[in-house]
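>>> Have a look at this prediction, sequence included:
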Amino acid sequence: MVVFLGWTLLSVRLLVCASQVSLSDQKNVTAESGQNVTLTCRAPNNIQTVEWRRADLGDEYVFLYRDGRKTLVRQHPSFKDRVDLKDKQMKDGDVSLILNNVTINDTGTYECRVVETGTFGLKLISIIYLHVVDPPGSVGLIVGVLVAAALVVAAVAGFVIYRKYKG
């Protein structure tokens, strides 16, 4: 019983520590729809593989760079031709991702993972929550255009009715 309780407490402590590390390391980025965004990630210099993922995409990834080139096999369709490494040479371990022309659908939690040369398995380097918002005034502009169009339609309808009853 004592051994079981000890293992349980150790497991809880490890879980708490792991969750604190991942929460404290998470960065938040806010961008406007249509902008290009850089999601920063700095890893050791000897990188063999870089993988950017979003948990809600399942088995598909945002970006995968392996053995000196991009891999497109299981890339999620919404990211095709919109993502690339900031520095293709990965100088100084810079494996930051550029995401072009962001939309509201790009909102989510992105994870940067790497495999260092001579090691096995992906190592989590960075977690970034990207929140994409509509540019200021975009809703107001749409409402303004709709109101103006409604006024034009009402004016035309009024003129037609006036002419019908007058003449």
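That came through fine. Here the structure is a predicted model, which means the values were calculated and not measured.

>>> Hmm, residue 36 is touching residue 86, no?
No: look at residue 36 against residue 86 with C-beta atoms under 8 Å: they stay out of range, at 10.6 Å. Backbone N, C-alpha and C define where each C-beta goes, glycine included.

>>> what touches both of these two?
Overlap of the contact sets of residue 36 and residue 86 (by C-beta atoms under 8 Å, 6 or more residues apart in numbering) consists of residue 98.

>>> Have a look at the two and say which one is more surrounded.
residue 86 (14 against 11; other C-beta atoms under 10 Å).

>>> what ranges do the helices span in the chain?
2-25, 138-166 (DSSP state H).

>>> Pull the number of nearby residues for residue 130.
Residue 130 has 19 nearby residues by other C-beta under 10 Å.

>>> Now do it against residue 35, distance only.
11 Å (C-beta to C-beta, to the nearest Å).

>>> joint contacts of these two?
Between them, residue 130 and residue 35 share the contacting residues residue 102, judged by C-beta under 8 Å, 6+ apart.

>>> pretty sure residue 56 contacts residue 107?
No: using C-beta under 8 Å, residue 56 makes no contact with residue 107, being 10.0 Å away.

>>> quick one: which of those two has more around it?
Neighbours around residue 56 and residue 107, counted as other C-beta under 10 Å, are more numerous at residue 107. The numbers are 16 against 8.

>>> Not counting its neighbours along the chain, what's nearest that one?
residue 132 (4.9 Å; C-beta to C-beta, 6 or more residues apart in numbering).
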